[in-house]
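Student: For reference, the sequence and a predicted model appear below.
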Amino acid sequence: MGALWIAHVTVTDEESYKKYAVIAGEAIPAHGGVFLARGGRHVQLEGKERPRNVVARFPSVEDAVACYNSPRYQEALQYAKGAAEREIVIVEELPEA
C-alpha cells in the first residue's frame, strides 16, 4: 500500500533551509516519492500552525523510511537541523476500495 510523508515546518533560517529543500527535492523522487503539496496555501483548523506543509506519496511505508534514511536525504538534513522546527510523519494509505 502507498504511504504519505507529511511534514509540518516553520523555517527559522531561510538560506540553510533552501539548501535542504534542493537536496531533499532530489532524494524524495529518487525513492519513488511524488510531491502532492509543497508549501502551498493551507487552513489550520487545530493544533500548532506551521506555515510550510509538505506531502509526498511513496509506493510504501518502507520506501518512505528508506528515503529518510538514505545518504542523500541525511545530507539534506544537515541543512535543516537548526534551520527549522519540524514534525514529519509517514502514514500508510488505506487500501483502495
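Tutor: Structure received.

Student: helices or strands up against the helix or strand hosting Gly25?
Tutor: For Gly25, the host element (DSSP states H and E) is helix 14-30. When contacts are defined as 3 or more CB pairs under 8 Å, 6 or more residues apart in numbering; DSSP states H and E, helix 14-30 packs onto strand 34-38, helix 61-69, helix 71-80. C-beta coordinates here come from the backbone N, C-alpha and C atoms, glycine included.

Student: Make JSON lines from those and add mean neighbour count, mean pLDDT and distance to Gln44 to it.
Tutor: Converted to JSON lines, these look like this (neighbours: other CB atoms under 10 Å; pLDDT from 0 to 100; distance: least, CB to CB, whole Å):
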{"stretch": "strand 34-38", "mean neighbour count": "14", "mean pLDDT": "95", "distance to Gln44": "14"}
{"stretch": "helix 61-69", "mean neighbour count": "17", "mean pLDDT": "98", "distance to Gln44": "24"}
{"stretch": "helix 71-80", "mean neighbour count": "16", "mean pLDDT": "97", "distance to Gln44": "21"}
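
Student: Include distance to Arg86 when you put the ones you listed into TSV, please.
Tutor: Shown next, in TSV, are the helices and strands packed on helix 14-30 (distance: least, CB to CB, whole Å):
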stretch	distance to Arg86
strand 34-38	14
helix 61-69	12
helix 71-80	7
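
Student: closest one to Met1 among those?
Tutor: With CB to CB as the criterion, Met1 lies closest to helix 61-69 of the helices and strands packed on helix 14-30, at 7.9 Å.

Student: And the pLDDT for Ala97?
Tutor: According to the prediction, Ala97 has pLDDT 53.

Student: can you pull the buried residues of stretch 79-93?
Tutor: Neighbour-count burial for stretch 79-93, counted by 16 or more other CB atoms under 10 Å, picks out 79-80, 83-84, 86, 90.

Student: Pick out whichever of those sits closest to Lys18.
Tutor: Once CB to CB is applied, the member of the buried residues of stretch 79-93 that ends up nearest Lys18 is Tyr79, at 8.2 Å.
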